[in-house]
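Enquirer: Pasting the sequence and the predicted model now:
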Amino acid sequence: MMRTVVDILPDEFRIFMPSPVGRLDKDTEGLLILTNDGELNHLLLSPKRHVPKNITQGFRV
């Protein structure tokens, strides 16, 4: 079973029961916001809110 970002947090942070806002694929890098505020999570992810998201891609050879 694959671990999640929450699984690798130290116990002192896991007690807050955070959840990620959005996602990153397994082999990607980037900023991932963690929050324990369900309302904030919903506001940022809800398609009705039209929150802009910037995605930049690059390739290394």
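Expert: Nice, thanks for sending it over.

Enquirer: Longest helix in the protein, please.
Expert: helix 38-45 (DSSP state H).

Enquirer: ok, and what's touching that helix?
Expert: By CB atoms under 8 Å, 6 or more residues apart in numbering, the list of residues contacting helix 38-45 from outside reads 19, 21, 22, 33, 35, 49, 51. All C-beta spots, glycine's among them, are computed from the backbone N, C-alpha and C.

Enquirer: quick one: which of these sit in strands?
Expert: Among the contacts of helix 38-45, the members falling in strands (DSSP state E) are 19, 21, 33, 35.

Enquirer: Mind picking the two most distant members of those residues?
Expert: Taking CB to CB as the measure, the ones in strands among the contacts of helix 38-45 span a maximum distance of 9.8 Å, between 19 and 33.

Enquirer: Please identify which of the two sits among more neighbours.
Expert: residue 19 (15 against 12; other CB atoms under 10 Å).

Enquirer: Nearest residue to the more buried one in space, please, no chain neighbours.
Expert: Distances taken as CB to CB, 6 or more residues apart in numbering put residue 41 closest to residue 19, at 6.2 Å, once the chain neighbours are dropped.

Enquirer: what's the neighbour count on the one you found?
Expert: Neighbours of residue 41 under the rule other CB under 10 Å: 18.
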